[in-house]
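Undergrad: Fold the stuff below for me.
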Amino acid sequence: MKKTIFKGFKVFDGIKFIEADSVLVENGIISKIGTDIECSGADEITGCGKILSPGFIDLHAHFRDPGGEWHEDLTSGSLAGAAGGFTTMVAMPNTQPAISEPSLIEYVRSKGSSSGGARILPAGCVSKNREGKELAELIKMTEAGAVLFTDDGAPVATSSLLRLALLYTGKELPRVMEHPEEISLFKGGQVHEGRVSALSGLKAIPAASEEIDIARGIALARETGSRIHFTHISSGGSLELIRKAKEEGLDVTCDTTFHHLTLNENAVVNSGYNARYKVNPPLRSIDDQAALWNGLQDGTIDAIVTDHAPWHMDDKDEPFQEAPFGIASLECAAAVLFDFRNRNHPEVPMDLILAKMTSAPASLLPSEWQGLGRINEGSVADLTVIDEERTRIVDCSQWKSKARCCPWEGIALTGWPVMTFLEGRDVWCDEEDQ
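TA: Here you go, the predicted model:
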């Protein structure tokens with residue numbers, strides 16, 4: 001029986017920091033939590049005041065597998081996630097072919113489980129082939145292991161199809177995750193409608209594009225009594241709609257991204273319109289960014305996601321208007337957020353931030369996965385060690401990911417994940433901690 005003791009840590013249990021400094025893991029399961037635990041024959045990992053957290057959970061990441069493996073694949077994505085402190089990630093289904101049938105769900109789940117890094121769980125499409133015409137086989141994909149349903153990369157094409165999907169999923173099948181966008185307002189857009197569009201002359205993407213689709217989804221959730229989750233929320237107006245829906249008692253949830261919390265439209269201007277800052281939804285105003293931080297604190301935002309969008313350097317190294325949307329961030333996302341919070345929002349408790357990356361996203365997954373994101377006796381030992389004092393420079397050339405560019409390259413950040421454990425196994429360790 002393999003035994004490991006984590007000693008001398010600040011233990012975050014998924015909800016709060018607890019009065020304990022030691023965790024004993026036996027055969028991949030947390031068997032004891034306490035102070036100064038001793039166990040004969042156990043390997044010992046000494047924390048020296050570092051944080052021991054449940055492994056981070058990302059509800060929204062792209063791995064381009066199958067069909068775009070030169071950008072990223074499930075193996076490189078799994079290893080990259082582990083290097084960023086993630087132990088569970090949900091793969092979006094906008095691949096080629098799209099993940100809209102049980103055999104492809106099984107492909108993602110099987111390859112993801114054997115990749116050697118973070119656990120990868122599959123999301124299935126809402127519509128067959130992600131074409132927006134006909135409902136996919138949601139029940140069969142659930143049986144094969146799908147944990148969310150989304151046509152991400154685009155909204156569900158019609159209100160009638162979204163309504164049907166909500167009726168099918170109800171309260172039992174995995175949640176529908178809607179990519180909120182009104183296509184006619186988005187089409188051809190490049191940047192947020194505001195300061196950056198006025199200065200650049202680039203076609204704007206108004207916040208209304210996001211807010212209109214959220215209003216549609218809320219109306220359909222109200223009518224059907226079903227659950228809906230809105231992903232990568234970026235505007236204050238969107239948050240207000242979701243806040244009111246929650247107050248009404250509707251089962252409406254949402255997430256935002258690490259980059260929308262830590263960047264705004266000024267970053268696009270200040271970078272000289274570097275395509276590394278081109279993302280969908282676009283980086284919005286300072287006021288929208290502030291609203292997202294308020295939404296974290298008042299509970300409107302349920303989870304923080306990466307929306308990891310890997311592209312080959314040749315694709316991303318184009319003029320802004322010609323480059324694809326997306327930011328790759330798995331390996332530095334947590335450090336970006338911790339550093340930004342410490343510098344700009346120290347009033348936001350660290351345990352709140354960590355909860356939005358662990359237990360909160362776990363609660364949005366099907367029941368078999370909801371025990372993830374917690375440090376409890378009997379829980380699976382998915383664990384991440386965080387060194388709040390570690391300062392490192394982001395160096396994309398050293399990434400496990402195939403996407404070797406991001407907005408933070410060359411920037412020194414303080415507060416990094418330094419060790420990642422999946423089911424008690426060490427799947428990544430910072431060189432300085434080896």
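
Undergrad: make it CA atoms for all contacts and neighbour counts henceforth
TA: OK.

Undergrad: Tell me which residues touch the closest residue to residue 338 other than its chain neighbours, please.
TA: Ranked by C-alpha to C-alpha, 6 or more residues apart in numbering and with sequence neighbours excluded, the top spatial neighbour of residue 338 is residue 415, at 5.8 Å. With contacts taken as C-alpha atoms under 8 Å, 6 or more residues apart in numbering, residue 415 has the following neighbours: 335, 338-339, 386-391.

Undergrad: For the stretch 1-150 of the chain, which segments are assigned as strands?
TA: For the stretch 1-150 of the chain, strands defined by DSSP state E, counting those that start in this stretch occupy the ranges 3-7, 10-11, 22-26, 29-34, 43-46, 51-54, 56-61, 86-91, 119-124, 148-149.

Undergrad: Domains in this structure, by residue range?
TA: When the chain is parsed with automatic domain parsing, its domains come out as 3-52+380-401+411-433, 55-369.

Undergrad: export these to TSV and tack on mean pLDDT?
TA: Shown next, in TSV, are the domains of the chain (pLDDT from 0 to 100):
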stretch	mean pLDDT
domain 3-52+380-401+411-433	95
domain 55-369	97
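
Undergrad: and among these, the most buried is which?
TA: Per-residue neighbour counts averaged over each of those give the maximum for domain 55-369, namely a mean of 21 (mean count of other C-alpha atoms under 10 Å).

Undergrad: What about the contacts of residue 415, which are in helices?
TA: Filtering the contacts of residue 415 for membership in helices, criterion DSSP state H, returns 335, 338-339.

Undergrad: Return the member of the residues you listed nearest to residue 113.
TA: Each of the ones in helices among the contacts of residue 415 was checked against residue 113 using C-alpha to C-alpha; the closest is residue 335, at 25.5 Å.

Undergrad: Which neighbouring residues are in contact with the closest one, exactly?
TA: Residue 335 sits next to 413-417 when contact means C-alpha under 8 Å, 6+ apart.

Undergrad: what about the closest residue to residue 140 other than its chain neighbours, distance to residue 130?
TA: The spatial neighbour of residue 140 that comes closest, neighbours along the chain excluded (C-alpha to C-alpha, 6+ apart), is residue 102 at 6.1 Å. Applying C-alpha to C-alpha, to the nearest Å, one obtains 14 Å for the distance of residue 102 from residue 130.

Undergrad: Please apply the same query to residue 107.
TA: The span separating residue 107 from residue 130 equals 17 Å under the rule C-alpha to C-alpha.

Undergrad: Could I get the full set of strands for the stretch 251-400 of the chain?
TA: Along the stretch 251-400 of the chain, counting by DSSP E, counting those that start in this stretch, strands occupy 252-257, 303-305, 383-393.

Undergrad: Looking at these, which is nearest to residue 289?
TA: Smallest distance to residue 289 across the strands of the stretch 251-400 of the chain (C-alpha to C-alpha): 10.4 Å, for strand 252-257.

Undergrad: Which strands border that closest one, and is each parallel or antiparallel?
TA: According to DSSP bridges, strand 252-257 forms sheet pairs with strand 228-230 (parallel), strand 303-305 (parallel).

Undergrad: want to throw the ones you listed into CSV with distance to residue 245?
TA: Listed next are the strands paired with strand 252-257 as CSV, based on distance: least, C-alpha to C-alpha, whole Å:
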stretch, distance to residue 245
strand 228-230, 11
strand 303-305, 17
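
Undergrad: who wins for proximity to residue 215 among the ones you listed?
TA: Of all the strands paired with strand 252-257, strand 228-230 sits nearest to residue 215, with 10.7 Å by C-alpha to C-alpha.

Undergrad: And the contacts of the following helix or strand past that closest one?
TA: Note on strand 228-230: by DSSP states H and E, the next helix or strand toward the C-terminus is helix 236-247. Helix 236-247 is touched from outside by 207, 210-211, 214-215, 218, 233, 251-254, 287-289, 291-292, 295, 300-301, with contacts defined as C-alpha under 8 Å, 6+ apart.
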